[in-house]
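Asks: Build me a model:
(one chain, ligands or ions: 1)
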Amino acid sequence: MAPLEAIIWHDGQLRIIDQLLLPFKTVYIDIKSVQEGWDAIQKMQVRGAPAIAIVGCLSIAAELAKESSIFNDCTSLHTFVCDSLAHLITARPTAVNMKAEALRLTEYSCSLLTTSQSVTEMMNSILAWCENLLKMDLATNKTLGDWGMQKILQLSKKDGEDGFSLITICNTGSLATAGYGTALGVVRSLHAIKKLKGLYMLETRPYMQGSRLSAYEAVVEGWPNATLICDGAVGALLSSSQVDAAVVGADCVAANGDTANKIGTYQLAVLCAAHHVKFFVCAPTSSINLKLSSGAGIPIEHRPALEMTSVAGVPVAAPGIACWNPAFDVTPARLITGIITEYGVFTPEKLEEEISSRI
Ligand SMILES: CSC[C@H]1O[C@H](OP(=O)(O)O)[C@H](O)[C@@H]1O
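Replies: Numbering: from 1, shown residues only. This next block holds a predicted model:
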């Protein structure tokens, strides 16, 4: 079956699955303006670093595509694009993809000021640029997934059995990207050649990306031995089972390889190190920020306490208790075996040199 389509762009109209309702309800909502895009990102109706950037930029395209959006000249159109991007990057501070695409689109829009013959031509160029993000993300993820699959195949198999068992956190698949996935893209590529023996998924409190989203993708696609575990069960699993490698996503990778990802990733990395399990970060270069020398510079988003103290609207904590709810943590490069990108798999030490020569 085709992966779940979190983002649909057709004929100037943007629709996204409201991921707060998955997997029990599949409801598509229309995004008709930049503010509606901002709201959907901030509320996490759409989430996942690549998907955030794609929906953010397409929300600009959706507003431009409306007949009512008229601009007297190219300069006012450029100002609208820049102001919209400046607003969109405030929705969620940690994932770098939105900031990276905002920079790219700002530079492109600026270049159109000198090359466009009319406002309409400039608007159509910007629409085409935003639409292309979907295709680019799909292609990037497929290439990244295949690099990761090749890397996993090189791992030595202790038990001699065919196939590899992986562990992952959060959701990095069709519901976090344009449709193939980063860490779950590696899973898809491994499954495609029948070398996926199993996949352990952390439920990933408090948003439950694992139990609600990754488990949904795994069931829909029939991945073998796809198994949900509690966040607190990682140590017990790694000490008793044959897990070959961890594959996780990234919201921001610094130049030295330090990686910000869903809260709980750091703990997973520490336990992988303790049990000699390889730990791979799957990051398209749009999630890598070489301007940051280390993870110390990555802003960490904190989410409302209510997202911790209730599940699906049901209170699960003592009323009045204080909460600490960072949405991400930073895994130091020393715990990372390799960083899987669309250009190949690199050690943290080699990342900056290898990536800077390619982007
Ligand atoms: C390929 S998605 C990257 C990243 O985004 C997720 O965070 P969130 O669900 O809060 O947007 C998670 O950290 C994934 O690994």
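Asks: count of neighbours near the spatially closest residue to residue 309 that is not a sequence neighbour?
Replies: Leaving out its chain neighbours, the residue that sits closest to residue 309 by Cβ to Cβ, 6 or more residues apart in numbering is residue 317, at 3.9 Å. C-beta coordinates here come from the backbone N, C-alpha and C atoms, glycine included. Residue 317 has 13 neighbours, counted by other Cβ atoms under 10 Å.
Asks: neighbours of the closest residue to the ligand within the stretch 251-359 of the chain, just the number please.
Replies: Nearest residue of the stretch 251-359 of the chain to the ligand: residue 262, at 3.5 Å (Cβ to the nearest ligand atom). For residue 262, the neighbour count with other Cβ under 10 Å is 25.
Asks: and it, bridged to which residues?
Replies: residue 328 (DSSP bridges).
Asks: I figured it hits residue 176, correct?
Replies: No: in this structure residue 262 lies outside contact range of residue 176 using Cβ atoms under 8 Å: 10.3 Å.
Asks: Common neighbours of these two, please.
Replies: Here residue 262 and residue 176 have 170, 249 as joint contacts, going by Cβ atoms under 8 Å, 6 or more residues apart in numbering.
Asks: Flag every residue of this structure that's near the ligand.
Replies: Contact residues, the chain versus the ligand (Cβ under 6 Å from any ligand atom): 47-50, 170, 172, 176-177, 182, 209, 249, 251, 261-262, 327.
Asks: In helices, which of those fall?
Replies: Using DSSP state H, the members of the residues of the chain next to the ligand that fall within helices are 49-50.
Asks: what about the strands in the stretch 201-350 of the chain?
Replies: 226-229, 245-248, 252-254, 259-262, 278-282, 288-289, 310-311, 314-315, 328-331, 338-341, 344-346 (DSSP state E, counting those that start in this stretch).
Asks: for the stretch 1-150 of the chain, that is, sorry about that
Replies: Under DSSP E, counting those that start in this stretch, the stretch 1-150 of the chain gives strands at 7-10, 13-17, 28-31.
Asks: among those, which is the most enclosed?
Replies: strand 13-17 (a mean of 22; mean count of other Cβ atoms under 10 Å).
Asks: so how far is that one off the chain centroid?
Replies: Averaging C-alpha positions (Cα atoms, centre = their mean, to the nearest Å) puts strand 13-17 18 Å from its chain's average.
Asks: Tell me which strands that strand pairs with, and in which orientation.
Replies: Per DSSP bridges, strand 13-17 is paired in its sheet with strand 7-10 (antiparallel), strand 28-31 (antiparallel).
Asks: Mind putting these into CSV with mean pLDDT?
Replies: Formatted as CSV, these follow (pLDDT from 0 to 100):
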stretch, mean pLDDT
strand 7-10, 97
strand 28-31, 98
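Asks: so how many other residues sit close to the residue of the chain found nearest the ligand?
Replies: The ligand sits closest to residue 249 of the chain, with a gap of 2.5 Å, by Cβ to the nearest ligand atom. If you count neighbours by other Cβ under 10 Å, residue 249 ends up with 31.
Asks: For residue 354, which non-adjacent residue is spatially closest?
Replies: Per Cβ to Cβ, 6+ apart, closest to residue 354 is residue 346, 4.7 Å.
Asks: so what pLDDT did that neighbour get?
Replies: pLDDT for residue 346: 98.
Asks: Tell me how far it lies from residue 168.
Replies: 20 Å (Cβ to Cβ, to the nearest Å).
Asks: Tell me which of these two has more neighbours.
Replies: residue 168 (28 against 18).
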